[in-house]
Structure formats: structure tokens, C-alpha cells
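Q: This is a predicted model, with the sequence first.
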Amino acid sequence: MRKINLDEIDLKILDVLQKDCRKSLDEISRIVGVPKSTIYYRIKKMESMGVIEGYYAKISPKLIGHEYFTITLVKAKYGPGYHKRIGEKLAKIPGVWAVYYVLGDNDFVIIARAKNRESFVKNILEQLINLEEIERTNTITIVEIIKEDSRIEPLAEK
């Protein structure tokens, strides 16, 4: 995958969309200072290039009863293409929010959300430890989230 070169206008558009992807083309045009047609064209181009992967609502897990948040470190059995094969299996487990293939003492880092400890153990952890490719797991329970923000900042120079 090659890096895509974005100019200052693209970066300003992305900055606005990251903060509120519900803004209209008129609003984005006013903020960025270019015509609405340019905004439309640039957004469509960045979508087709894969720079913009999607749009979604940021939901409060705590308010909908998914406040048990964990990070699980996974050691797996080595083999040809093991990271893709195992990573895909891990990603399919309901409740798994993110899977990262990493270097070092562990092979994967898994971030998961569940309703409570029992739900985590039954629905996520048991599936992890029952995978024959998994040698060992170490789970860390998050007590309080101090900061959580998936936006990439700063994109555009202020």
C-alpha cells in the first residue's frame, strides 16, 4: 500500500469530517473556503482512494451497558501466514473491538468490550483460549478511560 499525497485542502476537509461527519457540503465549503463542488469532488475522490473508510456514530459503550473494557495480550503458535490466519479468527469473535498484530513478546493485542466480567469470560475469553493456535493470553481490565480518541490530529495546519 503506497502513501497517498493529500494537499492542504484535503487535510482541512478531513479535519472537519473527523470532528463532525454530519456537516453539510455548504458548511464544509464555508469552513475550508473553497466551492461546494470542490468539496464534493474531493470527498468522493478520497472515498474511492480509501482515505475515507466510512462514517459512523460514536456510541457511548457505558450508556448502552458495554462498560467492561479489556486489553488481551496473545501469544500464538508460529507458522506460515499465522498472523493473518489467526488475526482473522480473532477479529470474528463478537465483542472484539480491535485486533493488532505486534512484534515483541506477544503476537496480538486484542481490545474488547463486554457488558460485564461474566459476559467477557463466556463470550470472548473462552473463545480465545479454545483456539488451538493460541498458546497463552494475558488480560488487562480497564478501570477508567482517561482519553479515547480515534481521530488523527492535527491534519491541517492551523
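A: Received, thanks. A quick note: this is a predicted structure, and the numbers were derived from the prediction, not measured.
Q: Could you use CA atoms for every contact and neighbour count after this?
A: Noted.
Q: Using the record's assignment, carve the chain into domains.
A: The chain resolves into domains spanning 8-48, 68-142 when parsed by automatic domain parsing.
Q: can you redo these as CSV with mean neighbour count and mean pLDDT?
A: Output for the domains of the chain, formatted as CSV (neighbours: other CA atoms under 10 Å; pLDDT from 0 to 100):
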stretch, mean neighbour count, mean pLDDT
domain 8-48, 15, 96
domain 68-142, 15, 95
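Q: among those domains, which is nearest I152?
A: Each of these was checked against I152 via CA to CA, and the shortest separation belongs to domain 8-48, namely 8.0 Å.
Q: so what's the residue nearest the centre of the chain up against?
A: The chain has A98 as the residue nearest its centroid, 6.2 Å off, counting by CA atoms, centre = their mean. Shown in contact with A98 (CA atoms under 8 Å, 6 or more residues apart in numbering): A91, I110, I111, A112.
Q: Let's have the domains of the chain in CSV, adding distance to P61.
A: Compiled in CSV, these are given as follows (distance: least, CA to CA, whole Å):
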stretch, distance to P61
domain 8-48, 19
domain 68-142, 8
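Q: Can you tell me how far I39 is from N116?
A: In this structure, I39 and N116 are separated by 44 Å, where distance is defined by CA to CA, to the nearest Å.
Q: repeat for Q127
A: Applying CA to CA to Q127 and N116 gives a distance of 16 Å.
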